[in-house]
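Asker: here is the input, now give the coordinates:
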Amino acid sequence: MLFTINRIFVAVLLVLVLIGIAISLFTMVMDFTGQKNADEKFSAMKTNAALYLESMPSRIRSNDSPEILILTVKTPALSKSDLVYLEAYAGGKLVAETDCLEELDYESSEYVGNTSVQCELYLPYDYEPAQDYDVYAILHSGNDDYFSGPGIIAIDWTDYERSFWNAFTILVLILGVFYLLIIVPLAIISLYKGMDIKHDVETAGEYTLDSLLHPLRIGKTLLGKFNSFIISPYFWGMEILGILVILTYMFISAEAWRNDAALGSYFLSGIAAFAIPFLWCVAFWYADFREREPMRVLVTFFLWGCLAALMAIGINNVSDVFLEMFGLGILGAILIAPPMEELYKGAGLTLLSEHHEYDSVEDGLAYGFVIGMGFSFIENWLYLLGNPFSASILGWLLLFVLRSLFFSANHGIFTAITGGVIGWFREKKFSAPALGLIPGVAIAAVFHAIHNSGGLLIALLGFGGVLTYCCLLIPLFDYGGLVLLIMVFIWAVFRKRRQ
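Answerer: Coordinates of the predicted model:
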């Protein structure tokens, strides 16, 4: 009975996976077809003679990106509920925006009655040596939106472009040397050692080249054939197809086809995002020195982690839009993203929850960690593209350091929790180990939500929220979680040795 429940549960999860992918595809299409250019957006707004930009420069030669402009917006006398924004467009695409009243005290309404507001607008280099920016002032008052503009600023980026290409060249050289000296040799050594490892097998020829190319020949039962298919190139091809969808979406969103600089930045971001997750995967694989997992299983799980990013992006986008309608957008990163991302990542673990290789806590920790690294690779690539290398070299590098170094293991930690719980169910010979996903995701989502809580804490507590997040939650739940994971993994490995 429990065996049947396990397989029904896995089938239901696969349906949820397909639904998640369908929602993501829908939101991606809507991102491109539903976008309004500046003319369409502002045609629906009103004008107000008292709203205008004062003394805006018409031409600038910039040697740094973003170019910081301090602009004065003239407005009607402001009331307590009014909002004032600046938006900048290049080629009809929104490239910068700022809330002019963000730094003012809304509670004391110190801006009430003002008819002049100073705004800082950060205009980024966008891979063009010279570009015109249309700047609009927007006033939200009551139920009405007003706009003025556009004020047109022409920026010559020739000086900065030289700095950009110098930085780009240096980073390419650094990453190239890093890959040649570390990544490529490790990949070759790991592949060689992986092919040489002998595993306990249930079926003769289970880990041969023939079984890789003809997986349905392996396994006497339908479950055995299913397990063989999941760790074969045919399933990898299905995963890679989904991954190509999200990479194409990222490519189009970044307009990477425009010129060499945009295309180079797209691939540079991907190469940078891959390096640290790969090293973490190799480290965990080598650490399980008593029984290293089959390479084909790890490939399946890493690709699943990449694919899970496609499953999650649609749900996250829809929930953000829904919560924004009620002014609760900041809660999406805490209430929606953690459980949904952990569910989709963890669903991959259930596919092989009855495979004979998945029979212990340490197996689950390793498998879950690898899935998390696959997810981290795609997510970090998305973040690096969302903080374009062109817009701020320092900002891009800082984001790389934060996500790929300081918080590089986080997604691995979260999903390892789920994997460990399923592995524990397997150890206890529970006949429906996939159900371990339920408590595993619940625990993982708590850790994930706490990691994502920084924005909310800062909004609620200000500097106190920064201290709470940086000095308490990060040490306890990020690095503390990593230390705990390593300790449990070491205990599990040496426990196996004693057995």
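Asker: gap between the closest residue to residue 336 other than its chain neighbours and residue 349?
Answerer: Closest residue to residue 336 apart from its sequence neighbours, by Cβ to Cβ, 6 or more residues apart in numbering: residue 319 at 4.0 Å. (Glycine included, C-beta is placed from N, CA and C.) Noted for residue 319: a distance of 24 Å to residue 349, by Cβ to Cβ, to the nearest Å.
Asker: ok, those two, which is more surrounded?
Answerer: residue 349 (29 against 18; other Cβ atoms under 10 Å).
Asker: what is the subsequent helix or strand relative to the host helix or strand of that one?
Answerer: Using DSSP states H and E, residue 349 maps to helix 337-351. Proceeding N to C from helix 337-351, the next assigned helix or strand is helix 361-386, under DSSP H and E.
Asker: give the buried residues for whichever helix or strand comes after that following helix.
Answerer: For helix 361-386, the following helix or strand on the C-terminal side (DSSP H and E) is helix 393-400. For helix 393-400, the neighbour count (16 or more other Cβ atoms under 10 Å) marks 393, 396-397, 399-400 as buried.
Asker: residue 331 contacts residue 459, doesn't it?
Answerer: No - using Cβ atoms under 8 Å, residue 331 makes no contact with residue 459, being 10.4 Å away.
Asker: out of those two, which sits in the busier spot?
Answerer: A count of neighbours by other Cβ under 10 Å puts residue 331 above the other of residue 331 and residue 459, at 17 against 10.
Asker: where's the more buried one relative to residue 308, distance?
Answerer: Distance, residue 331 to residue 308, by Cβ to Cβ: 22 Å.
Asker: now do residue 355
Answerer: 19 Å.
Asker: between the two, which one's more packed in?
Answerer: residue 308 (32 against 21).
Asker: name the element the more buried one belongs to?
Answerer: helix 295-325.
Asker: okay, buried residues for that helix please.
Answerer: So, applying 16+ other Cβ under 10 Å, buried residues of helix 295-325: 295-320, 323.
Asker: for the buried residues of helix 393-400, please prepare TSV with the additional fields distance to residue 156.
Answerer: Formatted as TSV, the buried residues of helix 393-400 follow (distance: Cβ to Cβ, whole Å):
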residue	distance to residue 156
393	18
396	22
397	25
399	27
400	28
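Asker: ok, so of these, who is nearest residue 263?
Answerer: Nearest to residue 263 among the buried residues of helix 393-400: residue 396, at 15.9 Å, using Cβ to Cβ.
Asker: that closest one reaches residue 386, doesn't it?
Answerer: No - in this structure, residue 396 is not within contact of residue 386 by Cβ under 8 Å, at 10.2 Å.
Asker: so where's the stretch 301-450 of the chain shaky on pLDDT?
Answerer: For the stretch 301-450 of the chain, the stretches with pLDDT under 70 are 327-328.
Asker: make it 90
Answerer: Applying pLDDT under 90 to the stretch 301-450 of the chain flags the ranges 314-337, 355-362, 385-409, 427-431, 450.
Asker: do the same with the stretch 1-150 of the chain
Answerer: 1-5, 7, 28-58, 62-67, 69, 74-83, 90-96, 99-119, 124-131, 140-150.
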